[in-house]
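here you go, sequence then predicted model.
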Amino acid sequence: MEHKLLQDFYAFIRDRRDKYWVHWNMRNLTFGFEHLEHRYRVLGGSDAPIIPVERRLNLNDLLSDRYGSGYASHPKMKSLMELNGGVHRHFLTGEEEVRAFQNNEFIRMHNSTLAKVGFFFHVIRSLVKGKLNTASRGWGVVLDKLFEGRIAKTVGLFGTAITIIVGLWQTGIWLGLMK
């Protein structure tokens, strides 16, 4: 069953290696893409396409870069869920997923994966809109949220247009084209 799952995963990847792969801390041999590759080979697979490192986007790192390492308390994923509407009822921690696997509770594992993927979608969408709630504080975060709003963008657009018009008018006066 595990071999079939990995076989299907790598069949899916094969023609999509040029896409970006959003993940959460899958960056080492123990918990990362390399581990999946290793398991596939141990189970008899030999044709695992490699996802280029530059195509892997660690959502945790992106959030840390944007909001600072204190954007959520540890464990970060669960804490970020709590800051943004609560923990999904199907969410399982890593330890709970291990137990579910040992108990052959694959539907629970699947539901947990779907909850996490849905949460990633919510985080990315909220991040792009400037609506992601984090534990980060400080002027930088406040300014980022302020200037990501639609009102701030509208004011900026009109301010820029007025500045260009006034600048052209002043240039015309300076060059003697206008009296």
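Yes, it's here.

wait, isn't residue 33 in contact with residue 51?
Yes: the pair residue 33 / residue 51 is scored as a contact, 5.8 Å apart, by C-beta atoms under 8 Å. Where you see a C-beta, it was placed from the backbone N, CA and C, and this is true even at glycine.

what's the overlap in contacts for those two?
residue 21 (C-beta atoms under 8 Å, 6 or more residues apart in numbering).

helices of this protein, residue ranges please.
With DSSP state H as the criterion, the chain has helices at 2-14, 33-42, 59-67, 76-83, 94-102, 106-129, 139-148, 150-174.

and the third one, what does it pack onto?
By that I understand helix 59-67. Secondary-structure packing of helix 59-67 (3 or more C-beta pairs under 8 Å, 6 or more residues apart in numbering; DSSP states H and E): helix 76-83, helix 106-129.

quick one: the residue sitting nearest the centre point of the chain and residue 153, what's the gap?
Nearest to the mean C-alpha position of the chain, by C-alpha atoms, centre = their mean, lies residue 59 at 3.7 Å. For residue 59, the distance to residue 153 equals 25 Å [C-beta to C-beta, to the nearest Å].

equivalent analysis for residue 35, please.
Residue 35 sits 43 Å away from residue 153, going by C-beta to C-beta.

tell me the contacts of the closest residue to residue 66 other than its chain neighbours?
Of all residues not flanking residue 66 in the chain, residue 127 sits nearest, at 7.2 Å (C-beta to C-beta, 6 or more residues apart in numbering). Residues near residue 127 by C-beta under 8 Å, 6+ apart: 62, 63, 66.
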